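[1] A predicted structure for the sequence below; I have some questions about it.
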Amino acid sequence: QLVESGGGLVRTGGSLSLSCSVSGSTSDLYGMGWFRQAPGKEREFVASISGLTGRADYADSVKGRFTISRDNAKSTLSLEMVSVKPEDTGMYYCARAQSYSGTDAGDFNNWGQGTQVTVSS
């Protein structure tokens, strides 16, 4: 089970931290990721982190502004967001990959319910 938290309303240029609590039987080797979906748009990849190498991948739109990290001891996935923009607004979902890593929604088979992020201009 994946449960996101930390969403809310933030002003343009501000910062926000999202967290995902992972429970249930799961291996630390699974890749984990964040996706987001804005109203009227398809779900899009934001960032992911490999369970095997720890390598992080980011969408071009968030590179240099967002940082994904995982704490396997605490079964937690995080997303640090800085210099946010109105286009970052959307429902953010935590997801677990079917394998070590992934950047496409099809690579992930376990999803949280999402947490809303709204960036005001």
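    All right, it came through fine. Numbering: from 1, shown residues only.
[2] the residue nearest to the spatial centre of the chain in helix, strand or coil?
    By Cα atoms, centre = their mean, the chain has its centre lying nearest to Trp34, at 2.2 Å. Secondary structure state of Trp34, per DSSP: H, G, I helix; E, B strand; the rest coil, is strand.
[3] my read is that it contacts Cys94, right?
    Yes. Assessed by Cβ atoms under 8 Å, Trp34 is found in contact with Cys94 at 6.2 Å. Bear in mind the C-beta positions are built from the backbone N, C-alpha and C, glycine included.
[4] where do the contact lists of those two overlap?
    Leu18, Cys20, Leu77 (Cβ atoms under 8 Å, 6 or more residues apart in numbering).
[5] list the residues that contact the second one.
    Translated: Cys20. Per Cβ under 8 Å, 6+ apart, neighbours of Cys20: Leu2, Val3, Glu4, Ser5, Met32, Trp34, Thr76, Leu77, Ser78, Leu79, Cys94, Gly112.
[6] mind jotting down where the strands sit in this protein?
    Per DSSP state E, the chain carries strands over the ranges 2-5, 8-11, 16-22, 32-37, 44-49, 56-58, 66-71, 76-81, 90-97, 108-111, 115-120.
[7] can you list the residues that contact the fifth one?
    If I follow you right, that is strand 44-49. When contacts are defined by Cβ under 8 Å, 6+ apart, strand 44-49 is touched by residues 31-37, 55-59, 62, 66-70, 77, 79, 92, 97, 101-105.
[8] could you redo the last one with a cut-off of 10 Å?
    With Cβ atoms under 10 Å, 6 or more residues apart in numbering as the test, strand 44-49 has contacts from 18, 31-38, 55-59, 61-63, 66-70, 77-81, 88, 90, 92-93, 95, 97, 101-105, 107-108.
[9] same check, this time on the shortest one
    Taking contacts as Cβ under 10 Å, 6+ apart, the residues outside strand 56-58 that touch it are 31, 33-34, 45-50, 63-70, 101-103.
[10] ok, of the residues you listed, which come out buried?
    Buried members of those, counted by 16 or more other Cβ atoms under 10 Å: 31, 33-34, 45-50, 66-68, 70, 101-103.
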